[in-house]
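> 3D model of this:
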Amino acid sequence: MPVWGVVLTVLVVALGSAGVGGVVGGRFAAQGAESAEDQAPQLNNEPPSGAPSRAPDTIAGVSQRVSPSVVSIQDSDARLSGNGSGFVIAGDHVVTNNHVAAALDGGLEVVYSDGSTSEAEIVDTRPETDLAVLKLIEPISVEPLEWGDSDQATVGDSVIAIGAPLGLAGTVTTGIISAVDRPVGLGEGGPGSEAAIEALQTDAAINPGNSGGPLVDMQGRVIGVNSAIATMGAPEGGQSGSIGLGFAIPSADAEAVVNDLLGGDPAARADIGAELDTGYENGARIQSDADAGGEAVEPDGPADRAGLRPGDVITEFDGEPVGDADALIALLAEKRPDDEVRLTYERDREPRTTDITLGSSTD
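Predicted structure coming up:
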């Protein structure tokens, strides 16, 4: 085995109460010239007092104007300086990761870049997409950040990550988009809180405490929510840091989820009504009844009505290839209950197709 041939793990990058993030399993085109109409957002945030002014289209200029809208998130009585990060959007709301909000037992508090604080409360969360929205109580005035279009991001685009790694608020790192649509599975938080994302991969340094902070383009628009890193591992009880493999939830997905949460939509998610084998890597295989500890295919559920059986291997979902269970979960997160999609699956190594009407996780 070569020196680098060790098992990569994916690490959600919140800073827990003991300062150690959870280790979870995972697997593993520059943007064209901007038109005259596609100018940098007119953020009203002023550069820090005494800081030299920089052009708005430079790294320094973008970070000066975006940073005031990025906050550290902590327990109001925690001894650590920060648990994670977030960013202010319209309506005095803050977007962050679910695994950041879920880790805080006491009252929520956000800390702005100038040291000001505001209490906050959770509006709603979506664990399966690892997103949460907070409402600020008596916020200070900062310009809300704008969503960008992650569908237009491509390998080689320059990006900036802003957050509070290791509690160091206002930390700015830069890099490029290294890959798009990278399937990443997150299992932090116990049964029922597993998340799977088709991430933007970046080499911008992301470390514990960066979770929930924005990944912005060179116009200062949020194109991703920083959520996880790959690491070569660490001694037991230790904490690994960035090796240049960071993952962010694309804004195209995050904005839609945030709008749902703010609209008060129920947190129901699309479901196929079958237990999947998370250890199988040649498609999304439905477990056997024995492995599932019962019926692996829910009677009269979506999979059952579509003709699927235990042991069937789903290889394509709505025209997208399915490499494993994580990839299918990520694709399901983009759908809604009652959506109808075409599945390709294998039974006894013979390919078959069927249409399935997706169910709801709350059924």
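> Output the contacting helices and strands for the longest helix along the chain.
Across the chain, the helix with the greatest residue count (assigned by DSSP state H) is helix 251-262. Packing partners of helix 251-262 (3 or more C-beta pairs under 8 Å, 6 or more residues apart in numbering; DSSP states H and E): strand 93-96, strand 117-126, strand 131-137, strand 222-231. For glycine as for every other residue, the C-beta is placed from the backbone atoms N, C-alpha and C.
> roughly how far is the next helix or strand after that helix from the heart of the chain?
Downstream of helix 251-262, the first helix or strand assigned by DSSP states H and E is strand 270-271. Its chain's average C-alpha position is 18 Å from that of strand 270-271, according to C-alpha atoms, centre = their mean, to the nearest Å.
> Sheet-wise, list the partners of strand 270-271 with their directions.
strand 359-360 (antiparallel) (DSSP bridges).
> Please work out the average pLDDT along the strand it pairs with.
Mean pLDDT, computed over strand 359-360, is 88.
> ditto for stretch 138-153
93.
> Asp338 - how many residues pack around it?
By the criterion of other C-beta atoms under 10 Å, Asp338 has 11 neighbours.
> Please read the previous query as pertaining to Pro52.
8.
> Same question for Thr58.
Residues near Thr58, counting by other C-beta under 10 Å: 11.
> now do Thr354
16.
> my read is it is in a helix, agree?
No: using DSSP: H, G, I helix; E, B strand; the rest coil, the secondary structure at Thr354 is strand, not a helix.
> returning to what we had before: burial-wise, tell me which of the helices and strands packed on helix 251-262 comes out on top.
strand 222-231 (a mean of 28; mean count of other C-beta atoms under 10 Å).
> Could you give the separation of that strand from the chain centroid?
On C-alpha atoms, centre = their mean, the centre of strand 222-231 falls 6 Å from the chain's centre.
> Let me know the angle separating that strand from helix 251-262.
Here strand 222-231 runs at 110 degrees with respect to helix 251-262, directions being taken by axes from the mean of the first three to the mean of the last three C-alpha atoms, to 10 degrees.
> how about the CA coordinates for strand 222-231, as CSV?
Extracted in CSV, the C-alpha atoms of strand 222-231 (Å, rounded to 0.1, in the frame of the first residue of the first chain):
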residue,chain,number,x,y,z
VAL,A,222,-22.8,32.7,-1.4
ILE,A,223,-22.4,29.7,-3.6
GLY,A,224,-22.0,27.1,-0.8
VAL,A,225,-22.4,26.4,2.9
ASN,A,226,-19.1,24.9,4.3
SER,A,227,-19.9,21.6,6.0
ALA,A,228,-17.2,19.0,6.0
ILE,A,229,-13.6,18.1,5.2
ALA,A,230,-11.8,14.9,4.3
THR,A,231,-9.0,13.9,6.6
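> how about the strands of the stretch 51-200 of the chain, start to end?
Ranges of strands in the stretch 51-200 of the chain, per DSSP state E, counting those that start in this stretch, are 70-75, 84-89, 93-96, 108-111, 117-126, 131-137, 158-163, 171-186, 195-202.
> mind giving me JSON lines with these and columns for distance to Ala284?
Output for the strands of the stretch 51-200 of the chain, formatted as JSON lines (distance: least, C-beta to C-beta, whole Å):
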{"stretch": "strand 70-75", "distance to Ala284": "34"}
{"stretch": "strand 84-89", "distance to Ala284": "30"}
{"stretch": "strand 93-96", "distance to Ala284": "29"}
{"stretch": "strand 108-111", "distance to Ala284": "36"}
{"stretch": "strand 117-126", "distance to Ala284": "21"}
{"stretch": "strand 131-137", "distance to Ala284": "23"}
{"stretch": "strand 158-163", "distance to Ala284": "31"}
{"stretch": "strand 171-186", "distance to Ala284": "11"}
{"stretch": "strand 195-202", "distance to Ala284": "11"}
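> Flag the shaky bits of the stretch 251-363 of the chain, pLDDT-wise.
264-268, 362-363 (pLDDT under 70).
> All the strands of it, in order from the start?
270-271, 284-285, 313-317, 320-321, 340-347, 350-357, 359-360.
> Quickly compare the ones you listed and say which is most buried.
strand 284-285 comes out most buried of the strands of the stretch 251-363 of the chain by mean count of other C-beta under 10 Å, with a mean of 28.
> Other residues contacting the longest helix of the chain?
Applying C-beta atoms under 8 Å, 6 or more residues apart in numbering, the external contacts of helix 251-262 come out as 89, 91, 93, 95, 123-126, 129, 131-133, 147-151, 197-198, 221-225, 267, 333-334.
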